[in-house]
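Engineer: sequence first, then the predicted structure, then my questions.
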Amino acid sequence: MSEELTSLVTGLHAARHFEQAALLTLRTLLLISEQGLEASRFARQGRLLRGVVHLRPADAYRRLAALEREAVEPWPPKEGSLLLADGPQVALLASASAWRAVVEHGCAVSIDVGLGTLQPHQESARSLAPARYTASFTQESQQRLLSREATHVCVLPLRMAGGRIDGMIALEANCMAALGQEFIWREMGPRLQLAVDLAAPYLSGLAPQPGAAPETDEFLPVVGASMASLVGVLRIFAQQEETLLVSGPTGAGKSRLARWCHERSPRRQGRFESMDLTMVPEELQMGELFGWRKGAFTGAVRDNPGFLARAHGGTLFIDEIDKLSLKAQAGLLHVLEERTYRTLGDASSEHRANVRFIIGTNADLPEAVRRGTFREDLYYRINVLPVRVPSLDERRDEIGAWARYMLARHHREKNPEGVVRLAPDAEQQLEQGSWPGNLRQLDNIIRRAYTLALVQQGGATRELELRETHIQQALTYEGGKQSTLVEAMSQAARAFVQEAQRRRAPLDIDFAESLRGFVLAEAVLQVGRDEAFRLVGRESLVKSRNHLKALRQELKKAEALCGEVGQPVPAALTQAGNSETP
């Protein structure tokens, strides 16, 4: 093993954060590439520029990091040499075709930026490359790389065990003399890929280095540690012109993040328009997107400029893209490729689509492609900068902060002069709950609990506290899907672990057995003592008349848990112990 790879392995074993692993990996790759360049016929005519780590497991960006060649030596580099995703100068290779190539073939690809060509390194893939990838290497990607002086790029997959690819690393070089010729990438490919394969598990598995609390604003008022790295990536993506694909469950905040990106983009002086396709009938999608002239179709009684015209110079967010009809998909694809469109009923004039597109979806678009309900070419055209917004249950560190923000906002709407507080026990209950409806559901609960608190206090007041009882009452009005047994058990387990984390001493896992007491108490109150034991598969205890003793033992365990965590014994336990068999 070479000195560079030995040093890399040693450093990766000692790395504790993603940033450390990224810095070591990029430095090693740039040094290996430089050795290859010095030994090639382009030794005095080219130079290495930078390396970029794109961590995007499950085809969604999680982290970005870049290292400029001049920061590699002296070693160790000075602080700030690694340009992270929230830095202003991170180099970014936004080439959907390069990503497609490394995923489909599992190998490195070389890009000749001047010619706009992309070639996989594997011989079996090279024969397919001109037809499949060259045409997809967009002019925008070409111009961006040239603006950074990059003429040749090598993209290497982050390959994990089992063949999964969690991202890619791009190495950029400048060598005008090699335009149209074979550069060093294929010859150096095996050594470079070996280094990347060694680093891949660390880059994918290490957490980001803890830092200062992320910056918040009126458009994104809450950012927890669980979202910090994604927001850092979005801060860079907001500066780009390429299409941003934001996926995630309904109500998780996709539209809010789209607006936040607009406000941090060069287009922030323009308008932000949001087109929710769930609100647009299929037959009107083309018209709403491109606009129409009076008389273009039955019912067109006046001109409609359309979303593209209204968003001119700004950002157009198209949500629920999977609801777009195949006909409208063809029209949108044309706009994305040609940047032109025609208004319905006015075929004589062509308009320029001067907008930045942000696309939202909660659907599995690759599966929609397989079903034939979503165009494959459109999918690849919008899947340039993909990110996934986690569900609120995956962002539990944000629940309390979002609840306080929503409560304060709602109170300002009702009583601008008043003061409102969220009681600690209410916040704790919210944090322990499950939120399948995400931020939208949480907001509904806060609004409902606020109204209940107002009613309890007799109407408008200058000071209001939302307590646990208000939250509980608000939750009882929840309709829609009920939690399954597995979901409820998961929630109970989550609450147990959270309680253990809050304590100074361990919470013995044997206390988890107290769940039996709570289950029996609920069953007794609903169907009586004898039937309760039959219901849970313990009819033999009823026949042997040992069920009363068993009930007392299980209830005692539940009461012991209450005493251990310093909470009152629920009335259900007491009532079950005192109940008579019906």
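Structural biologist: It's in. Quantities reported herein were computed from a predicted structural model and do not represent experimental measurements.

Engineer: now the strands for the stretch 401-550 of the chain?
Structural biologist: For the stretch 401-550 of the chain, strands defined by DSSP state E, counting those that start in this stretch occupy the ranges 419-422, 463-466.

Engineer: kindly reformat those as a markdown table containing mean neighbour count.
Structural biologist: For every residue, glycine as well, the C-beta is placed using N, CA and C. As requested, the strands of the stretch 401-550 of the chain are exported to a markdown table (neighbours: other CB atoms under 10 Å):
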| stretch | mean neighbour count |
| --- | --- |
| strand 419-422 | 18 |
| strand 463-466 | 17 |
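
Engineer: among those, which comes closest to Ala532?
Structural biologist: strand 463-466 (35.5 Å; CB to CB).

Engineer: give me the mean pLDDT for that closest one.
Structural biologist: Averaging pLDDT along strand 463-466 yields 90.

Engineer: what helices or strands is that strand leaning on?
Structural biologist: strand 419-422, helix 438-456 (3 or more CB pairs under 8 Å, 6 or more residues apart in numbering; DSSP states H and E).

Engineer: can you list the strands that that strand pairs with?
Structural biologist: Taking DSSP bridges as the criterion, strand 463-466 sits next to strand 419-422 (parallel) in its sheet.

Engineer: picking up where we left off before, now the strands of the stretch 401-550 of the chain as a markdown table including distance to Gly537?
Structural biologist: Converted to a markdown table, the strands of the stretch 401-550 of the chain look like this (distance: least, CB to CB, whole Å):
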| stretch | distance to Gly537 |
| --- | --- |
| strand 419-422 | 42 |
| strand 463-466 | 41 |
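
Engineer: right, and those strands - which one's nearest Glu499?
Structural biologist: strand 419-422 (19.6 Å).

Engineer: now that closest one: how far from the chain's centre is it?
Structural biologist: How far strand 419-422 lies from its chain's middle: 31 Å, per CA atoms, centre = their mean, to the nearest Å.

Engineer: could I have that strand exported to CSV, CA atoms only?
Structural biologist: What follows is strand 419-422, C-alpha atoms only, in CSV (Å, rounded to 0.1, in the frame of the first residue of the first chain):
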residue,chain,number,x,y,z
VAL,A,419,-48.3,37.0,26.4
VAL,A,420,-48.6,33.2,25.8
ARG,A,421,-46.5,30.3,27.2
LEU,A,422,-46.2,26.6,26.6
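
Engineer: other residues contacting it?
Structural biologist: 400, 403-404, 407-408, 411, 450, 462-466 (CB atoms under 8 Å, 6 or more residues apart in numbering).

Engineer: relative to Val103, which of those is nearest.
Structural biologist: Gly400 (38.5 Å).

Engineer: tell me the spatial nearest neighbour of that closest one, not counting adjacent residues.
Structural biologist: Glu427 (4.7 Å; CB to CB, 6 or more residues apart in numbering).

Engineer: what about the one you found, how many residues nearby?
Structural biologist: 20 (other CB atoms under 10 Å).

Engineer: quick check: phi and psi at Pro386.
Structural biologist: Note on Pro386: its backbone torsions stand at phi -90, psi 140 [degrees, to the nearest 10].

Engineer: quick one, phi/psi of the nearest residue to it once chain neighbours are set aside?
Structural biologist: The spatially closest residue to Pro386, leaving aside those adjacent along the chain, is Leu245, at 4.4 Å (CB to CB, 6+ apart). The phi/psi pair for Leu245 (degrees, to the nearest 10) reads phi -100, psi 110.

Engineer: in the chain, which helix or strand is least confident?
Structural biologist: helix 129-132 (a mean of 46; mean pLDDT, DSSP states H and E).

Engineer: toward the C-terminus, what is the element adjacent to it?
Structural biologist: Heading C-terminal from helix 129-132, the first helix or strand you meet, by DSSP states H and E, is helix 139-147.

Engineer: can you give me the buried ones in that following helix?
Structural biologist: 141-142, 144-145 (16 or more other CB atoms under 10 Å).

Engineer: which neighbouring elements make contact with that helix?
Structural biologist: Using 3+ CB pairs under 8 Å, 6+ apart, helix 139-147 is in contact with no helix or strand.

Engineer: got the CA positions of that helix in PDB?
Structural biologist: Taking Å, rounded to 0.1, in the frame of the first residue of the first chain, the C-alpha atoms of helix 139-147 are listed here in PDB:
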ATOM      1  CA  GLN A 139     -24.800  23.400 -21.300                       C
ATOM      2  CA  GLU A 140     -25.400  24.900 -17.800                       C
ATOM      3  CA  SER A 141     -23.200  22.300 -16.200                       C
ATOM      4  CA  GLN A 142     -20.600  22.900 -18.800                       C
ATOM      5  CA  GLN A 143     -20.600  26.600 -18.400                       C
ATOM      6  CA  ARG A 144     -20.400  26.300 -14.600                       C
ATOM      7  CA  LEU A 145     -17.300  24.100 -14.700                       C
ATOM      8  CA  LEU A 146     -15.600  26.300 -17.200                       C
ATOM      9  CA  SER A 147     -16.300  29.300 -15.100                       C
END
